[in-house]
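Visitor: how does the following fold in three dimensions:
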Amino acid sequence: MNIRRRQAHDPQGHSSALNDILFILLLFFLIISTLANPNVVKLSIPKAKSDTKAKQTVVVSVNDKQEFFVGTTMVAVDSLKSSISAAIAKSQDVEPTVVINADKQATADNIVAIMRAAHDLQLRTVLAVENNSR
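Guide: The predicted structure is shown next:
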C-alpha cells in the first residue's frame, strides 16, 4: 500500500514563452516605426476654413526653358517685379499672395528671383507642389 501523501501542487502558468513573444513584438514595432516614414519632416501646417485657391492673387510660373510667366503673360527677369506689382494692383486683394509654379527642370536661381521680387514688394509667397497622395 502506498500511504505517501501527495504534495500539494500550486497551479502556475508558464510565462517563459510569453517573455519571448513580447520581446519579438517589441522589436517588430520598433523596426516598423522607423521604416514607416523615414523622410517625413514634422511641421505645423496652418488650417483654413475656406479653399486656398480663392486666395491666389498672382501666379508666377517658370517652365523648363527657364521662361517666366506672370499669369499667362511671358515676362523677362528684369521686369518681373513691375509685372507682379501691376497684377497685384489689378486684383486689389487685402493680403496679396504670389503662387510660384515651377517646373521640375527650373533652377533654384529662378525660383529665388521670384521670391526676391515678391519680398521686395512685401508679398507672401507660396510654392505650388504636386500632391503625392493620389
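
Visitor: wait, M74 sits on N63?
Guide: No - M74 is beyond contact range of N63, at 9.4 Å (criterion: CB atoms under 8 Å). For every residue, glycine as well, the C-beta is placed using N, CA and C.

Visitor: so which of those two has more stuff around it?
Guide: N63 (15 against 12; other CB atoms under 10 Å).

Visitor: pull up the per-residue confidence for the closest residue to the more buried one other than its chain neighbours.
Guide: In this structure, N63 finds its nearest non-sequential neighbour in D103, 5.2 Å apart by CB to CB, 6 or more residues apart in numbering. D103 carries a pLDDT value of 83.

Visitor: now D103: how far from V77?
Guide: Using CB to CB, to the nearest Å, D103 is found at 16 Å from V77.

Visitor: likewise for A106?
Guide: Taken as CB to CB, the span from A106 to V77 is 13 Å.

Visitor: mind checking which of the two has more residues around it?
Guide: Using other CB under 10 Å, the more surrounded residue of A106 and V77 is A106, with 20 against 14.

Visitor: how about the secondary structure of that one?
Guide: coil (DSSP: H, G, I helix; E, B strand; the rest coil).

Visitor: now swap in the one 10 residues further on and tell me
Guide: Classification of R116 using three-state DSSP returns helix.

Visitor: now do V94
Guide: coil.

Visitor: quick check: mean pLDDT across the biggest helix by length in the chain?
Guide: Ordering each helix of the chain by length in residues (DSSP state H) puts helix 16-36 first. For helix 16-36, the mean per-residue pLDDT is 85.

Visitor: chain center to that helix: distance?
Guide: In terms of CA atoms, centre = their mean, to the nearest Å, the centre of helix 16-36 is found 30 Å from the chain centre.

Visitor: can I get it in PDB, CA atoms only?
Guide: Taking Å, rounded to 0.1, in the frame of the first residue of the first chain, the C-alpha atoms of helix 16-36 are listed here in PDB:
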ATOM      1  CA  SER A  16       8.800  31.900 -20.200                       C
ATOM      2  CA  ALA A  17       7.400  31.800 -23.700                       C
ATOM      3  CA  LEU A  18       5.400  35.000 -23.100                       C
ATOM      4  CA  ASN A  19       8.600  36.900 -22.500                       C
ATOM      5  CA  ASP A  20      10.000  35.800 -25.800                       C
ATOM      6  CA  ILE A  21       6.800  36.700 -27.700                       C
ATOM      7  CA  LEU A  22       6.700  40.200 -26.100                       C
ATOM      8  CA  PHE A  23      10.300  40.800 -27.000                       C
ATOM      9  CA  ILE A  24       9.700  39.800 -30.600                       C
ATOM     10  CA  LEU A  25       6.700  42.100 -30.800                       C
ATOM     11  CA  LEU A  26       8.600  45.000 -29.300                       C
ATOM     12  CA  LEU A  27      11.400  44.500 -31.700                       C
ATOM     13  CA  PHE A  28       8.900  44.200 -34.600                       C
ATOM     14  CA  PHE A  29       7.200  47.500 -33.800                       C
ATOM     15  CA  LEU A  30      10.400  49.400 -33.300                       C
ATOM     16  CA  ILE A  31      11.700  48.300 -36.700                       C
ATOM     17  CA  ILE A  32       8.400  49.100 -38.400                       C
ATOM     18  CA  SER A  33       8.100  52.500 -36.800                       C
ATOM     19  CA  THR A  34      11.500  53.600 -38.100                       C
ATOM     20  CA  LEU A  35      10.700  52.300 -41.600                       C
ATOM     21  CA  ALA A  36       7.200  53.700 -41.900                       C
END
